[in-house]
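A.B. asks: Make a model of this:
(2 chains)
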2 protein chains.
Amino acid sequence: MTDTDLALLDLLSARLGSGHVIRDPAAMESYLTEERKLYRGAAMAVLRPGSTEDVAFAVRACAKAHVAVVPQGGNTGLVGGGVPHKGIVLSLARLDRIREVDAFNATITAEAGCILKTVQDEAEKVDCLFPLSLASEGSCRIGGNIASNAGGTAVLRYGNMRDLVLGLEVVLADGRIWNGLKGLRKDNEGYDLKNLFIGSEGTLGIVTAAVLKLFPRPKARAVAFAGCASPHAALALFESLRRQTGDQLTAFEYMPRFALEIVLKHAAGAVRPLAGDHAAYALIELSSPDPEIDLSKRLERVLGSALEAGIVEDASIAASEARNAALWHLRESLPHVQRIEGGSIKHDVAVPVSRIADFIVAASAACEQALPGVRVCAFGHFGDGNIHFNLSQPVGMDKAAFLAQWKRFNRIVHDIVHGMNGSIAAEHGVGLIKRDELARYKDPVALELMKTLKVALDPQNILNPGKVVALGADAPPSLPVAQ
Amino acid sequence: MTDTDLALLDLLSARLGSGHVIRDPAAMESYLTEERKLYRGAAMAVLRPGSTEDVAFAVRACAKAHVAVVPQGGNTGLVGGGVPHKGIVLSLARLDRIREVDAFNATITAEAGCILKTVQDEAEKVDCLFPLSLASEGSCRIGGNIASNAGGTAVLRYGNMRDLVLGLEVVLADGRIWNGLKGLRKDNEGYDLKNLFIGSEGTLGIVTAAVLKLFPRPKARAVAFAGCASPHAALALFESLRRQTGDQLTAFEYMPRFALEIVLKHAAGAVRPLAGDHAAYALIELSSPDPEIDLSKRLERVLGSALEAGIVEDASIAASEARNAALWHLRESLPHVQRIEGGSIKHDVAVPVSRIADFIVAASAACEQALPGVRVCAFGHFGDGNIHFNLSQPVGMDKAAFLAQWKRFNRIVHDIVHGMNGSIAAEHGVGLIKRDELARYKDPVALELMKTLKVALDPQNILNPGKVVALGADAPPSLPVAQ
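C.D. replies: Modelled structure (predicted):
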């Protein structure tokens, strides 16, 4: 560590308190690695400022010392976006106040370090819904949800995190604070600054607080499980539901036969949802704030017509909240049971909804041809055109030998996505793991624009350097060393 | 005109055809003024390119010659954003192709010059809805709707234009074309470029085409007119409707007693909607894609409870489509009848929905105190927190003497909006008319960020110079010369 670095840490300790400038390697460990242990980072210290002003102070000091700042929320990201390779980690965890709940404006103002579940709970206290819902909701933090423009299972009805943010407070690369905490439904006062920071993964500014949208809490829901003969039949079912139920359609999650089989094999308490066996399944949920509406009857009518039309082979509508939960359990167990089933090569991709069945068929065939015996586990947010196109290793194959084909399968799958004008980074972000893939597939003018914006807003390249776009010679490698 | 200018026009004539480089003063006239004749512009020519490539060619040529380019759609804007003060006008009117309709993806790809009504009609052909709805929908163009992030009467349910755009094609300040025409519901491939251009009023790039969202076409609707004792009672009614009907609530438009009185006095065919007289009125619409749902019954139940609770004094639910139209006619006649009633000083402002009644009461009192006899006509998109806070001249006062107080009333009203953390430019944009007001009220860091972005994306300041933010010494004056 240089004298300048030491002087910086002394300055920060004086302002934040030495207990909030962590330098002990053991205490830093959880900030330097991520959940799946794909990357191992390095940093000179971890800062835990307790206020927006202290975040601004720290960034200003780092900017003066030309030291990189890697912002971190709950460190639950899946693309290596929060892993440092130099400089300091700035944890937002202590900025965890709910600043305001305004039920009449249907907004909540939360600091970046608030756990997602806390925001959901605060909304419920005023009989409202904050709809963002993710597997990591008990530990991920709002700032990270904003930085990564998080998706999840409620996007079909409520949109991505981007759609749920009305205003932001952001610390810029030179330590200035932009206060854009407005809770307005209409605001055309110049350029849209907030969307520039949302989804920029901490590379353009550090979000310290946000005004988030709330919705009326649903008072009625109906859940069904349907079996179809093919992904194309599932698409026809989705289209029919969307047209007839509009915004009551809250979820349409897809899984193929293989996915249901491994859930039934490995997941505790999983119960077969339909008597027969089908090529493609959909988990469907309708909901409404109107407690008097009979959504089961509505679902029965639409599914009945789909049965008659030959779109659906069989369907079952849950008759109780316990049964609703049992059907959701099948879907939610998928990430877990895939791990039990062996190695997985994963893709988080999106195509236009009209192409989603074509994509599943084409990508499955290409992968099965490339490696006979590979088992396609393509599941997820079908109604958003977003599929987690995961590949489970062939039975009996060596796990490491299978995972060594990661880049080869990326190329096969991403080429098909690209050919359908899709996205190779649908809801998990770019971070490190997709940075070089993005450089390969993204429209060159778009990439140039991204670099122009990065240079304009962070001319020293100190905010989360090397993530999303690589600038400078010392950017860390994109793929994990293990690959 | 300099030799360089003449050479530029020759070059453009050779590429676009001389018929599409208009230099005749009479033919240029409609491009140099705007509807309300508040501004009178000047330009050396009007270009009418017929393709994205020709737009790019023209911008590249202008950039080389350091000549300003003012993009123009239907020229229906209300803030002087399309009025040139130098350089050339670039009309997008000939880029009017619908490139694709994808009903399964629920998207339409339209060029910037498409009339809004054309897009609505194309959507309807595939039994879908394109929800943007404005008074000027028969002549405004999609590119202008995007550049101004247009609002209108369907925002409560479907959002602003920003929320309806999935992808863009944009010609940049140096003539490069960014092709971002993706129709994806989820896409985290790096920075959000599209929202930077949406609402930037042609100052950062020229939109040439867009992928727009479609929705299931509503198959049922119910419309009601309610009378309340105060703006606060109207807010309680809105909140009650929102909670109980969720997304069925498509419109909640407000008007005070004075507004209904001048409609009944001047509008052809206007019929009194309720027997009695009330301080505040709301036009309410529920809609749903489900043809079997009984929305009138639902509305009756919610309004019945509101009557019992004393929130509503009287209400009437339309019993036919003809009667629905008659109620909407009352609201839609308002801009017209205000003109008949004399001079108006107008404000297009928004506050958090929870403050909207406070705002109406406070701003009305302040204006009435400032000029006894002034008649407040505060109406509009109450459910979005967006009010057209218009002032009709006192009876018998000289119109010019009243309009001479424009700046004084701006200060009174905008100070109150600012104090409530609101927006002084809610849905019409900034353009010229609010540019200097914006510089007064906007967070200074936000203004600096806007200038940083403008300089990064348009370093020569040739795209619609002087609008939204003033850079350089030769920016045109903000307020109309008449003020």
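A.B. asks: how about the residues of the stretch 351-483 of chain A near chain B?
C.D. replies: Contact residues (Cβ under 8 Å from any Cβ of the partner chain) of the stretch 351-483 of chain A with chain B: A:351-355, A:381, A:384-386, A:421-430, A:438, A:441-443, A:445-450, A:452-457, A:468-469. Just so you know, the C-beta spots here come from the backbone N, C-alpha and C atoms, and that holds for glycine as well.
A.B. asks: Of the residues you listed, which belong to strands?
C.D. replies: Residues of these located in strands (DSSP state E): A:381, A:386.
A.B. asks: List only buried entries from the residues of the stretch 351-483 of chain A next to chain B.
C.D. replies: Buried positions within these, assessed by neighbour count (16 or more other Cβ atoms under 10 Å in any protein chain shown), are A:351-355, A:381, A:384-386, A:421-430, A:438, A:441-443, A:445-447, A:449-450, A:452-454, A:456-457, A:468-469.
A.B. asks: Around chain B, which positions in the stretch 201-350 of chain A sit nearby?
C.D. replies: Selection of the stretch 201-350 of chain A residues close to chain B by Cβ under 8 Å from any Cβ yields A:204, A:215-216, A:235, A:239, A:242-248, A:288-290, A:298, A:350.
A.B. asks: ok, for residue A:313, nearest residue in space, not its chain neighbours?
C.D. replies: residue A:227 (4.9 Å; Cβ to Cβ, 6 or more residues apart in numbering or on different chains).
A.B. asks: where does chain A dip in pLDDT?
C.D. replies: Along chain A, segments meeting pLDDT under 70 span A:481-483.
A.B. asks: one more time with 50, if that's ok
C.D. replies: For chain A, the stretches with pLDDT under 50 are A:483.
A.B. asks: tell me the domain ranges of it?
C.D. replies: If you go by automatic domain parsing, the domain ranges for chain A are A:98-216, A:220-335, A:342-419.
A.B. asks: Out of the ones you listed, which is the most enclosed?
C.D. replies: domain A:98-216 (a mean of 23; mean count of other Cβ atoms under 10 Å in any protein chain shown).
A.B. asks: from memory the residue nearest to residue A:313 sits against residue A:307, does it?
C.D. replies: No. Using Cβ atoms under 8 Å, residue A:227 makes no contact with residue A:307, being 10.6 Å away.
A.B. asks: hey, what's in contact with both of the two?
C.D. replies: Residues touching both residue A:227 and residue A:307 (Cβ atoms under 8 Å, 6 or more residues apart in numbering or on different chains) are A:314, A:315.
A.B. asks: Filter the residues of the stretch 201-350 of chain A next to chain B down to just the ones in strands.
C.D. replies: Short answer: these in strands (DSSP E) are A:215, A:216, A:288, A:350.
A.B. asks: Who are the contact partners of the third one?
C.D. replies: Right, residue A:288. When contacts are counted by Cβ under 8 Å, 6+ apart, residue A:288 touches A:218, A:219, A:220, A:221, A:248, A:295, B:246.
A.B. asks: roughly how far apart are it and residue A:296?
C.D. replies: Using Cβ to Cβ, to the nearest Å, residue A:288 is found at 12 Å from residue A:296.
A.B. asks: Same check on the second one?
C.D. replies: Look at residue A:216 and residue A:296: by Cβ to Cβ, they are 20 Å apart.
A.B. asks: which SS class is residue A:250?
C.D. replies: strand (DSSP: H, G, I helix; E, B strand; the rest coil).
A.B. asks: List the contacts of it.
C.D. replies: A:154, A:156, A:157, A:218, A:221, A:285, A:286, A:287.
A.B. asks: Confirm that the fourth one sits in a helix.
C.D. replies: No. With three-state DSSP as the criterion, residue A:218 is located in coil rather than a helix.
A.B. asks: I'd guessed it sits against residue A:286; true?
C.D. replies: No. Look at residue A:218 against residue A:286 with Cβ under 8 Å: they stay out of range, at 9.4 Å.
A.B. asks: Contact partners for residue A:202?
C.D. replies: Residue A:202 neighbours (Cβ under 8 Å, 6+ apart): A:70, A:71, A:81, A:82, A:147, A:463, A:464, A:467.
A.B. asks: at 6 Å what do you get?
C.D. replies: A:71, A:147, A:464 (Cβ atoms under 6 Å, 6 or more residues apart in numbering or on different chains).
A.B. asks: I figured the residue nearest to residue A:313 hits residue A:314, correct?
C.D. replies: Yes. In terms of Cβ atoms under 6 Å, residue A:227 counts as a neighbour of residue A:314; the distance is 4.7 Å.
A.B. asks: Pull up the overlap in contacts between these two.
C.D. replies: Counting by Cβ under 6 Å, 6+ apart, the residues touching both residue A:227 and residue A:314 are residue A:274.
A.B. asks: Sitting in strands, which of the contacts of residue A:202 do you find?
C.D. replies: residue A:71.
A.B. asks: Show me which of the contacts of residue A:202 is closest to residue B:373.
C.D. replies: Ranked by distance to residue B:373 (Cβ to Cβ), the contacts of residue A:202 are led by residue A:147 at 53.7 Å.
A.B. asks: mind checking how far that closest one is from residue A:74?
C.D. replies: From residue A:147 across to residue A:74, the span is 11 Å (Cβ to Cβ).
A.B. asks: Let me see the ranges of the strands in the stretch 301-450 of chain A.
C.D. replies: A:314-317, A:344-345, A:348-350, A:375-381, A:386-392 (DSSP state E, counting those that start in this stretch).
A.B. asks: Now tell me what touches the first one from outside.
C.D. replies: Read it as strand A:314-317. Applying Cβ under 6 Å, 6+ apart, the set of residues contacting strand A:314-317 is A:224, A:225, A:226, A:227, A:273, A:274, A:276, A:296, A:299, A:303.
A.B. asks: Just the ones of those in strands?
C.D. replies: Members of the contacts of strand A:314-317 lying in strands (criterion: DSSP E): A:224, A:225, A:226, A:227.
A.B. asks: is it true that the first one touches residue A:300?
C.D. replies: The reference is to residue A:224. No. Using Cβ under 6 Å, residue A:224 is not in contact with residue A:300; the gap is 8.6 Å.
A.B. asks: From residue B:3, how far out is the residue lying closest to residue A:349 once chain neighbours are set aside?
C.D. replies: Leaving out its chain neighbours, the residue that sits closest to residue A:349 by Cβ to Cβ, 6+ apart is residue A:417, at 4.7 Å. For residue A:417, the distance to residue B:3 equals 52 Å [Cβ to Cβ].
A.B. asks: which one of the contacts of strand A:314-317 sits closest to residue B:393?
C.D. replies: Set against residue B:393, the nearest of those by Cβ to Cβ is residue A:299 (56.9 Å).
A.B. asks: Can you show me the helices along the stretch 201-350 of chain A?
C.D. replies: Remark: helices assigned in the stretch 201-350 of chain A by DSSP state H, counting those that start in this stretch are A:231-245, A:257-266, A:295-308, A:321-332, A:334-340.
A.B. asks: show me what contacts the closest residue to residue A:245 other than its chain neighbours?
C.D. replies: In space, and not counting its chain neighbours, residue A:245 is closest to residue A:286: 5.8 Å by Cβ to Cβ, 6+ apart. Going by Cβ under 6 Å, 6+ apart, residue A:286 touches A:222, A:245, A:248, A:295, A:299.
A.B. asks: Determine the three-state secondary structure at residue A:183.
C.D. replies: Going by three-state DSSP: residue A:183 is coil.
A.B. asks: pretty sure it contacts residue A:105?
C.D. replies: Yes. The criterion here is Cβ under 6 Å, and residue A:183 meets it with residue A:105 at 5.3 Å.
A.B. asks: Thanks a lot, see you next time.
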